[in-house]
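> Curious how this folds, go ahead:
(one chain, ligands or ions: 1)
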Amino acid sequence: MASKIFVRPISIAFNAFRNYSSSSKLVDVSINDKTGIATVTMQRPPVNSLNYELLIELNGAFQDLGSKKIKGAILTSSLKTIFSAGLDILEMYKPKPERANAFWTSLQDTWITIFNTPYPTVAAINGHSPAGGCLLSLACEYRVMVNNYTIGLNETKLGIVAPFWFVASMKNTISNRESELALTSGRLYKTDEAFKVGLVDETAENKEDALAKAEKFFSRFDAVNPIARFLTKQELRGKIVKVGRKTFIYKIFRKFQICMMTRI
Ligand SMILES: CCCCC/C=C\C/C=C\C=C\CC(=O)SCCNC(=O)CCNC(=O)[C@H](O)C(C)(C)COP(=O)(O)OP(=O)(O)OC[C@H]1O[C@@H](n2cnc3c(N)ncnc32)[C@H](O)[C@@H]1OP(=O)(O)O
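Sure, this is the predicted structure:
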């Protein structure tokens, strides 16, 4: 584990990114060769619900960017009014145990990858972002959200208990008190409400505005050593990932959830 942590930022310093662009069915990745900023776009109509295949592609995209010399990555959506509707309900409806296990693992791996990137990340939230959609944005370092949409961890409203790493991601962003109020009530915040509590860092008029603000965020690090930056990020986020990834409790919790899912 430790070797991974220390090798990655060094390796990115030796890789060029020029003229990179790759598009799979569900995720488009492009790197602007002038700014060095990557844009990862989810494109799974109608609502970018997170199924196994989308998660695998997302995880791969963010991992690949770790080997390129980028200034930062923006996560956004190709859809007009939806960032992501969260987990694909169909993945949770009477799944085969192997699929449920693979799905759940892919969700957690994707969260860990995005939460832990050596490069800075911004979610340009250009539409509704409930539940798992909110989780993806929380994994990024900064959130810019277009006005008049909704975001939040609304699991309790659906009769679901948000896993503790969802909760930890929320608590990493807003206060413990606000997290408690939000999660227990399954609150979905409007953009301006989310801004008031710090769930989003900036609001935007439209997607273009959100992307412009996201790009501006990266310039904060122009005079910052990228390795020092990454190690500091790890210092702040490492414990949450460790709890999310390794604990016995997590394994039990996953078994319990898969068990619940396969019985519904
Ligand atoms: C089942 C429980 C098992 C127990 C599991 C135990 C533990 C799980 C732990 C954690 C769970 C994680 C959290 C999640 O992410 S759960 C998913 C939560 N998502 C939501 O609550 C969002 C629901 N969707 C919406 O609110 C709206 O659809 C949305 C605002 C995103 C968009 O609204 P709009 O009016 O534009 O579009 P719709 O007409 O509503 O939808 C279009 C189309 O898309 C389908 N759809 C919507 N959301 C999902 C989804 N999450 N998964 C799959 N499909 C979705 C919707 O049904 C429509 O389909 P169709 O009718 O056109 O065929």
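
> Identify the residues contacting whatever residue of the stretch 1-150 of the chain ends up closest to the ligand.
Nearest residue of the stretch 1-150 of the chain to the ligand (Cβ to the nearest ligand atom) works out as residue 86 at 2.6 Å. To be clear about C-beta, it is placed using only N, CA and C from the backbone, and glycine gets the same treatment. Contact analysis of residue 86 by Cβ atoms under 8 Å, 6 or more residues apart in numbering lists 49-50, 130-135.

> Then residue 131?
85-87, 152-155, 158.

> Got phi/psi on it?
For residue 131, the backbone dihedrals (degrees, to the nearest 10) come out as phi 50, psi -120.

> Next, find the distance separating it from residue 208.
As judged by Cβ to Cβ, to the nearest Å, residue 131 and residue 208 stand 26 Å apart.

> Could you do residue 232 as well?
From residue 232 to residue 208 the distance is 31 Å (Cβ to Cβ).

> ditto for residue 162
32 Å.

> picking that back up, compare the contacts of residue 131 and tell me which has the most neighbours.
When neighbours are taken as other Cβ atoms under 10 Å, the top entry among those is residue 153 (27 neighbours).

> Please verify my assumption that that residue contacts residue 134.
Yes - assessed by Cβ atoms under 8 Å, residue 153 is found in contact with residue 134 at 5.5 Å.

> Tell me, please, where in this structure the pLDDT is lower than the cut-off.
Applying pLDDT under 70 to the chain flags residues 1-20, 23, 244-264.

> 80 - rerun?
Counting by pLDDT under 80, the chain shows low-confidence ranges at 1-24, 243-264.

> where does the residue most central in space within it land in three-state SS?
In the chain, the centroid-proximal residue (Cα atoms, centre = their mean) is residue 136; its distance is 2.4 Å. With DSSP: H, G, I helix; E, B strand; the rest coil as the basis, residue 136 sits in helix.

> rewinding a little: let me have the contacts of residue 131 in JSON lines, extended by secondary structure.
As requested, the contacts of residue 131 are arranged in JSON lines below (three-state DSSP):
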{"residue": "85", "secondary structure": "coil"}
{"residue": "86", "secondary structure": "coil"}
{"residue": "87", "secondary structure": "strand"}
{"residue": "152", "secondary structure": "strand"}
{"residue": "153", "secondary structure": "coil"}
{"residue": "154", "secondary structure": "coil"}
{"residue": "155", "secondary structure": "helix"}
{"residue": "158", "secondary structure": "helix"}
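
> Pick out the most distant pair among those residues.
87 and 152 (14.4 Å; Cβ to Cβ).

> quick check: longest helix of the protein.
helix 226-246 (DSSP state H).

> can you tell if that one touches the ligand?
No - contact of helix 226-246 with the ligand (Cβ under 6 Å from any ligand atom) is absent, the minimum separation being 13.5 Å.

> Counting neighbours, which bits of that helix end up buried?
The neighbour-count check on helix 226-246 (16 or more other Cβ atoms under 10 Å) flags 226, 229-231, 233-234, 237, 240-241, 244 as buried.

> Export only the CA atoms of it, formatted as PDB.
Taking only C-alpha atoms (Å, rounded to 0.1, in the frame of the first residue of the first chain), the coordinates of helix 226-246 have been written out as PDB:
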ATOM      1  CA  PRO A 226       2.300  18.400  -6.400                       C
ATOM      2  CA  ILE A 227       3.900  15.700  -4.300                       C
ATOM      3  CA  ALA A 228       3.600  17.800  -1.100                       C
ATOM      4  CA  ARG A 229       0.000  18.500  -2.100                       C
ATOM      5  CA  PHE A 230      -0.800  14.800  -2.600                       C
ATOM      6  CA  LEU A 231       0.800  13.700   0.600                       C
ATOM      7  CA  THR A 232      -1.100  16.400   2.500                       C
ATOM      8  CA  LYS A 233      -4.300  15.200   0.800                       C
ATOM      9  CA  GLN A 234      -3.500  11.700   2.000                       C
ATOM     10  CA  GLU A 235      -2.800  12.900   5.500                       C
ATOM     11  CA  LEU A 236      -6.300  14.400   5.500                       C
ATOM     12  CA  ARG A 237      -8.200  11.600   3.700                       C
ATOM     13  CA  GLY A 238      -6.100   8.500   4.400                       C
ATOM     14  CA  LYS A 239      -7.900   7.400   7.600                       C
ATOM     15  CA  ILE A 240     -11.300   7.500   5.900                       C
ATOM     16  CA  VAL A 241     -10.100   5.300   3.100                       C
ATOM     17  CA  LYS A 242      -8.500   2.900   5.600                       C
ATOM     18  CA  VAL A 243     -11.700   2.600   7.500                       C
ATOM     19  CA  GLY A 244     -13.700   2.200   4.200                       C
ATOM     20  CA  ARG A 245     -11.300  -0.300   2.700                       C
ATOM     21  CA  LYS A 246     -10.000  -2.600   5.300                       C
END
